[in-house]
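Novice: Give me a 3D structure for the following:
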Amino acid sequence: MKNILKYVLITLVVALLVLGIRYYLPSNPPTKTSELFYNSEPEKLLDEDYIKNLGLMQGHLIAAKDLLNGGTPEQAQSHLEHPIEELYGEIQDKLKEEGVDDFKQNLEALYEKAKYHPYSDEVDEQFEESEGSVAKIESAIERFF
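Specialist: From the prediction side, this is the model:
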């Protein structure tokens with residue numbers, strides 16, 4: 001659990017740093033250091049948005065697991081639903097571009113299991129297994145860096 005929290009914290013710090021740096025760059029023409037964040041196509045997802053969304057997804061799943069373990073499955077549902085409904089669609093194309101396996105089905109399966117059987121071993125396995133949603137998100141983050 002400490003490792004997951006460490007990854008979430010690192011991801012959030014990196015996202016905040018990237019956003020802070022981005023705040024000062026728009027008035028300057030792109031340089032070698034800012035080319036990574038320069039986007040001439042407005043419909044294309046920027047790297048900072050991609051990694052931010054992955055970090056948010058990971059944070060939501062960690063919060064959901066803690067809420068399930070704490071005995072409040074109804075509160076965990078919104079944390080399980082948010083990555084599917086709002087975040088995944090934004091990064092779906094970028095995941096393919098980065099060569100990351102599609103894990104939307106994993107997220108949906110976890111949501112359904114937690115919704116109807118919040119205290120089952122299957123839900124715990126979804127969080128812990130190497131092919132589970134949390135592991136897939138961590139893999140996408142590691143692949144990016």
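
Novice: Can you tell me the element the residue nearest the centre of the chain falls in?
Specialist: Nearest to the geometric centre of the chain sits Leu54, at 2.3 Å (Cα atoms, centre = their mean). Here Leu54 is covered by helix 47-69, with elements defined by DSSP states H and E.

Novice: after that helix, next one along is what?
Specialist: Note on helix 47-69: by DSSP H and E, the next helix or strand toward the C-terminus is helix 73-82.

Novice: Buried ones in stretch 135-142, by neighbour count?
Specialist: Buried residues in stretch 135-142, counted by 16 or more other Cβ atoms under 10 Å: 135-141. Every residue, glycine included, has its C-beta placed from N, CA and C.

Novice: Who are the contact partners of the closest residue to Lys65 other than its chain neighbours?
Specialist: Nearest in space to Lys65, with sequence neighbours left out and distances taken as Cβ to Cβ, 6 or more residues apart in numbering, is Phe127 at 5.1 Å. Counting by Cβ atoms under 8 Å, 6 or more residues apart in numbering, Phe127 touches 61, 65, 110, 133-134.
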